[in-house]
Structures are given as structure tokens and as C-alpha cells.
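Asker: My questions are about this predicted structure, shown below with the sequence.
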Amino acid sequence: MKFKKSDFSVSCFFAFILILITFNANEKAFSQSSIFTTISNTQGRGHFADDRQLTSGRRLRFLAPPSNNITPDAIQQIGPHNSVKLHFVRSIKNAWTPISGLPVTMANSPLKTAFIGRQALGPVTDQNGVIEFASCTAGGNVLIQLSLNNEKISVINGRLFYKISLQIPCGTEAAIQFKEDSFAGQVFGIWQVAQRAGYVLSTVSDLSFWKRKIRFSFPDSADYYNFDTVHLTLGHQWDVVAHEMGHAIYDQANIGQFGGGDHKIDECYSNELGLSEGWASFFAAWTQIALNDPNAHFEYMVPRRAPIQVEHVPADVCGKSQSEWRVFSFLWDLIDLNNDGEVSVVESKKLWDDLLGARISSIDSAYKRLQTRGWNQNELRQVWNLNFPAEPK
Ligand SMILES: [Zn+2]
């Protein structure tokens, strides 16, 4: 592509871009007003995870989000085109990354929006973040619209989906650019993480377990999961976003129980809390980090211990099976492709299949379940002993 990071500073906005200010109440009511009351009232009831310790325990709050209508950080013209071709990209660590799976529609074109109920049907950006429209009327503008909403996920501001509306001249190829941590960049960062996780899941599952839409509420005043809604203080924290989504997947896949209460990553707590928090971080690692990464680590999670290592758990961390850190390191070691003293390389599909619907209450019950499902007993025990030094088998 012909555009560079520095293009932000010369931000070549089209003068004719018209951001349409339209509010569209298309999401059921959702209250953000009493989040901490919610946290205290739902402790220990299940379907709930309090992750205030994951982001240092401080309340991080965006003041008044602008609206559900957001604008790109820049629109960079690439060249002429016989219709309209758009590249949706977001910069991460100074590199452009594609934003795939975006349901983009062009009004008054052969691919104009169709609806089933309130669900917009139409084309989506491909794996390169690109969408190309068949034709448009020369000399005119076309209305490009997208909502961050599909049948599995949505990103919401209170009760509204985030959306973008742009007027683009017919005959244009352009890059729709987002910065890593601008407001709009964080909204699209959430979409990227969820999209990538959904893709990884689709490689091991037909997704029939995923029956309820997962809503990502941003900006919110704490990081937590509560009954199909993920609440996020910051959208560019990919590991925290993926961890919270992990709770939602764990919930719908009926993998195990939720433990109640606040938690510190280097301590031990209940079996249920160690398992549910550990599995959520395992999900973040599995879906967002390369399995052969010898330095697999999180970036933003738990600032006082960052970067949190996935492969190597520090010796001062509680060594028992009620440690969430050791739970995700154990699960990672079963499927990863990096040999750090263990030789287990099980297809992630087998681990997924064997814990789907398991309704377990501890990582020890997960271990016992795997023992009965054709896993190599010696490798399983080796990985256990490597990760839970205080409870050898
Ligand atoms: Zn959690």
C-alpha cells in the first residue's frame, strides 16, 4: 500500500467527507449507571467475572464518549478506481493491520444494504481489510456505512452500536485509517481482537455452541464480564479484551463454573476462580499469540507484573492448581509449539472438544477428564508437574 504512518500528520482528509450525524437506537437498553453496584450484587452467582485487578484495580474512565457515530483518524487517497475500493486499516506498533469482517454497505449501489429484521446483510471486508464495490455513478458520491454489529458480536456505546457513515466520491480507492489508541482506534481494536478470536474458534468448532451475541461495552468504568456483555475501560488492550471475551466463550461453551470475587494473578484462590480466570487468559493467549512464540506474553494485563509471561511463570507465584497464572500456563503448554521442557503438542481442537460442555469446577477435574480422553498420560503428567510444582502428580 502507498500510505505510511506519517500520513497521519499530513492527514489528507477529503474535504467532501460528510459525517452523517444520525442516532439510531437499535440496541436494547443497557444501563452503565450502576456498574459497581452490579459487581457487588452479582458476586458468586456465576456468569460473572470481576477483573478490576487485571487493569491495576484503578477505575479508568473515559469521560462522556463522543457518540455512537465515530470517524476515522484519516482517510488517505490511494488512487483512482472504476468504482469504490476501501482498505480499512489500524496501526499497531507503527504497522498497518487489516480490519477484517466489517459489514460495510454502499447505499444506492448493486450491493446496497438488505435487512432481515434489524440485521443488515451485506458484504464484509476481507482478510486484508479490503472491500470493493461493483459500480457507482460517475461524478457522484456514494454513501458508505457500517455498524459494528453482526450475528455474533457487537461493539456498543451504552445502548447503541458504533457506526460510521462516509460520503466517498465514485472512482476512488482509499485507505480508511485508525490509530492504535485513538477513541475510534480503540473501538476498532476491540473488533479486531473479537474477529481474530472468532476466526481461531472457527478452526476448531462449527460455533454452534455460540448462540447468544456477545456485546462489547466501551468505554466502561471497569473491566468485567457479566451475562453476555464484556465491559472494557480501554479498547487497545488486546490481552484484556481477549480475556474478557474468553469469559463469554467459557460461559456459552459451558466449560466450567465461575468463581466469585476479586483476584490477584500471583495468588491462589478457589478452584472455580483459578479455573475460570486461567481459562479466560488461556483463551487470550491461544487466539492472539502465535503458538510457536518462545516469548509468549501479555502486554497490558496486570501492570504491576507486566509483561505477564505465558510460557514461564515466576517462582514467587503460588505453585498450586488454584493459581490462574499457572492454569493458563498449563493449558498453553498442552497445545503450544514451543518446547520449554515439555513435549506435549496436542491439536488445540482436541483440547477444545474435550472441555466443551464439561462443566468442571477445577483445573484438576480438567486434568482427570483429559486422562479419560486418550491423552498421552506421561506427557499430561509432565506438563502438570512443570506448571504446578507445589502439587506434583
Ligand atoms: Zn477474568
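Answerer: Noted; the coordinates are in hand.
Asker: Now do the SS call for the nearest residue to Tyr250 once chain neighbours are set aside.
Answerer: Spatial nearest neighbour of Tyr250, excluding adjacent residues (Cβ to Cβ, 6 or more residues apart in numbering): Trp279 at 5.3 Å. The way it works is simple: take the backbone N, C-alpha and C, and place the C-beta from them, glycine included. With DSSP: H, G, I helix; E, B strand; the rest coil as the basis, the three-state label of Trp279 is helix.
Asker: Same question for Leu86.
Answerer: Recorded secondary structure, Leu86: strand (three-state DSSP).
Asker: Spell out which residues of this protein are next to the ion.
Answerer: Along the chain, the residues adjacent to the ion under the rule Cβ under 5 Å from the ion are 49, 51, 277, 280.
Asker: out of these, which are buried?
Answerer: Those of the residues of the chain next to the ion that meet the buried threshold are 49, 51, 277, 280, by 16 or more other Cβ atoms under 10 Å.
Asker: After the helix or strand hosting the first one, which helix or strand is next?
Answerer: Same thing as Ala49. Per DSSP states H and E: Ala49 is located in strand 48-50. For strand 48-50, the following helix or strand on the C-terminal side (DSSP H and E) is strand 74-80.
Asker: who does that following strand pair up with?
Answerer: Here strand 74-80 has these sheet partners by DSSP bridges: strand 172-178 (antiparallel).
Asker: Contacts for the strand it pairs with next, please.
Answerer: With contacts defined as Cβ atoms under 8 Å, 6 or more residues apart in numbering, strand 172-178 is touched by 1, 3, 7-8, 14, 72-81, 84-91, 96, 99, 166, 168, 184-185, 188.
Asker: Put the buried members of those into a ChimeraX selection.
Answerer: Only the buried members of the contacts of strand 172-178 end up in this ChimeraX selection, burial being decided by 16+ other Cβ under 10 Å:
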select :3,8,14,72,73,74,75,76,77,81,84,85,86,87,88,89,90,91,96,99,166,168,184,185,188
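Asker: How about Pro169, nearest residue that isn't a chain neighbour?
Answerer: Asn141 (5.5 Å).
Asker: looking at it, that neighbour is touching Gly171, isn't it?
Answerer: No - the pair Asn141 and Gly171 does not pass the contact test of Cβ atoms under 8 Å, sitting 10.3 Å apart.
Asker: Report how many residues lie close to the residue nearest to Pro169.
Answerer: Applying other Cβ atoms under 10 Å, we find 19 other residues in the vicinity of Asn141.
Asker: just Ser208 next, same as before
Answerer: 6.
Asker: How about the secondary structure of it?
Answerer: Under three-state DSSP, Ser208 comes out as coil.
Asker: With adjacent residues omitted, what lies nearest to Ser182?
Answerer: For Ser182, the nearest residue in space outside its immediate sequence neighbours is Asp73; the separation is 5.2 Å by Cβ to Cβ, 6+ apart.
Asker: roughly how far apart are that neighbour and Gly274?
Answerer: Remark: distance between Asp73 and Gly274 (Cβ to Cβ, to the nearest Å) = 40 Å.
Asker: before we move on, what about Lys350?
Answerer: In this structure, Lys350 and Gly274 are 23 Å apart, going by Cβ to Cβ.
Asker: Ala95 too?
Answerer: Shown here: Ala95 relative to Gly274, a distance of 36 Å by Cβ to Cβ.
Asker: Give me the more crowded residue out of the two.
Answerer: Gly274 (27 against 10).
Asker: that's a strand at that one, yeah?
Answerer: No - going by three-state DSSP, the assignment for Gly274 is helix, not a strand.
Asker: okay but it is in contact with Ser323, surely?
Answerer: Yes - Gly274 sits in contact with Ser323 when judged by Cβ under 8 Å, with a separation of 5.9 Å.
Asker: which residues are in contact with both of the two?
Answerer: Applying Cβ under 8 Å, 6+ apart, one finds that Gly274 and Ser323 are jointly contacted by Cys268.
Asker: in its sheet, what does the strand holding Ala49 sit against?
Answerer: Counting by DSSP bridges, the strands paired with strand 48-50 are strand 224-226 (antiparallel).
Asker: which is the next helix or strand following the strand it pairs with?
Answerer: Sequence-wise, the next helix or strand beyond strand 224-226 is strand 229-231, with elements assigned using DSSP H and E.
Asker: What pairs with that next one, parallel or antiparallel?
Answerer: Taking DSSP bridges as the criterion, strand 229-231 pairs within the sheet with strand 214-217 (parallel), strand 224-226 (antiparallel).
Asker: To Pro103, which of these lies closest?
Answerer: Go through these one by one with Cβ to Cβ and the one that ends up closest to Pro103 is strand 214-217, at 15.4 Å.
Asker: average model confidence for that closest one?
Answerer: Taken as a whole, strand 214-217 carries a mean pLDDT of 96.
Asker: Would you pull up how far it lies from the middle of the chain?
Answerer: What separates the centre of strand 214-217 from the centre of its chain is 10 Å, taken as Cα atoms, centre = their mean, to the nearest Å.
Asker: how about the strands paired with strand 229-231 in JSON lines, adding mean neighbour count?
Answerer: Compiled in JSON lines, these are given as follows (neighbours: other Cβ atoms under 10 Å):
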{"stretch": "strand 214-217", "mean neighbour count": "23"}
{"stretch": "strand 224-226", "mean neighbour count": "24"}
